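In: pasting the sequence and the predicted coordinates here, then a few questions.
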Amino acid sequence: MIGLARFYLAAILVFLYLPIVVMMAMGFNESSLYELPFHFSTKWYVALAGNDQLISAGINSIVIAVITAVVSTILGTMASVALARRTFKGKTLLQLMLLPPIAIPWLITGTAMLVFFFWTGIGRGMHALLIGHVALAIPYVVLVVGTGFQTIRADLEEAAMSLGSTPIHAFFSVTLPLLAPSILGAALFAFAVSLDQFVISYFLATPGFTTLPVQIYSAIRKGFTPEINAISTILLIGSMAAILVFAIFARPGGVSDKR
């Protein structure tokens, strides 16, 4: 039974990661048609350097993802503090309203945003993309940071205030450092959600301003080239490096009840 479970786990890992490994490997294959045998070459990375459309779309995606991560993390953390430390009317309803944006298909969300933005005069473009991505990322940030709050003892702030600290000083000097790993994890989550977002970007992007997922989709319709493998590999390595840095320097969880 244990052997079967291990085989099942290995099969799942192979199913998840083998396509990624093949994609990365074919980015170094000389053939544009993925022909075998494999001949190592960096020609597609050289070609990528001259592909202004993919480079521009990649930069747009990174800029939007960074701004989305910063704004959604700030707003989501503030919301998490209010939900975790305050009691007010409608609190339970607000907590429940965080789940539908995650569960609703992005196709429906994208259509609703497009209609709403045109109805209110916001229109399409980078500003609309930022609003849409931030709106999508905030529920994830609130859930991740809110989970981090559950691991932090509330009496630590009370102890600091009993020693003369103000509530604001107690939060920034005691709670916030303990909450930092959760906040950093939420920021990385928001960054990944924004960087990978296709549906919202497809609806809200303008012909002169697009993101990498939309540009890859357009390029595939015209004809797939290993340049897409090359830029995908670069972004994948960058994302994995960010996760590795987070795993090394961030200590998950808060203060336990052990004395």
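Out: Nice, thanks for sending it over.

In: just to be sure, residue 44 is in a strand?
Out: No - counting by DSSP: H, G, I helix; E, B strand; the rest coil, residue 44 falls outside a strand, being helix.

In: how about it, nearest residue that isn't a chain neighbour?
Out: In space, and not counting its chain neighbours, residue 44 is closest to residue 226: 4.1 Å by C-beta to C-beta, 6 or more residues apart in numbering. Bear in mind the C-beta positions are built from the backbone N, C-alpha and C, glycine included.

In: next helix or strand past the one helix or strand residue 135 maps to?
Out: Residue 135 belongs to helix 126-150 when assigned by DSSP states H and E. Toward the C-terminus, helix 126-150 is succeeded by helix 155-162 as the next helix or strand (DSSP H and E).

In: contact partners of that next one?
Out: 167, 169-171, 173-175, 178, 255 (C-beta atoms under 8 Å, 6 or more residues apart in numbering).

In: now a ChimeraX select for only the buried ones of these.
Out: Selection of buried members from the contacts of helix 155-162 for ChimeraX, criterion 16 or more other C-beta atoms under 10 Å:
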select :170,171,174,175,178
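
In: just give me the closest of the contacts of helix 155-162 to residue 23.
Out: Checking these against residue 23 with C-beta to C-beta, the nearest one is residue 178 at 39.2 Å.

In: where does residue 187 land in three-state SS?
Out: Residue 187 is classified as helix under three-state DSSP.

In: thought residue 54 was touching residue 219?
Out: Yes - at 7.3 Å, residue 54 and residue 219 qualify as touching, with contact defined as C-beta atoms under 8 Å.

In: those two: which is more packed in?
Out: Per other C-beta atoms under 10 Å, whichever of residue 54 and residue 219 has more neighbours is residue 54, with 21 against 17.

In: grab the nearest non-local neighbour of the more buried one.
Out: Distance criterion C-beta to C-beta, 6+ apart; nearest residue to residue 54, sequence neighbours excluded, is residue 231 at 5.5 Å.

In: against residue 17, how distant is the one you found?
Out: 19 Å (C-beta to C-beta, to the nearest Å).

In: between those two, which has more neighbouring residues?
Out: residue 231 (21 against 10).

In: so where do the helices sit in the stretch 1-150 of the chain?
Out: With DSSP state H, counting those that start in this stretch as the criterion, the stretch 1-150 of the chain has helices at 2-26, 43-49, 52-85, 91-97, 100-103, 106-120, 126-150.

In: can you tell me which residues contact residue 231?
Out: Contacts of residue 231 (C-beta under 8 Å, 6+ apart): 48, 54-55, 58, 212.

In: now with 10 Å, please.
Out: By C-beta atoms under 10 Å, 6 or more residues apart in numbering, residue 231 lies in contact with 27, 44-45, 48, 51, 54-55, 57-58, 212, 215-216.

In: hmm, back to that, ok, the residue nearest to residue 44 touching residue 28?
Out: Yes - with contact defined as C-beta atoms under 10 Å, residue 226 reaches residue 28; the gap is 8.5 Å.

In: more neighbours: those two, which one.
Out: More crowded of residue 226 and residue 28, by other C-beta under 10 Å: residue 226, with 24 against 18.

In: could you report the distance from that one to residue 30?
Out: With C-beta to C-beta as the criterion, residue 226 and residue 30 are 9 Å apart.
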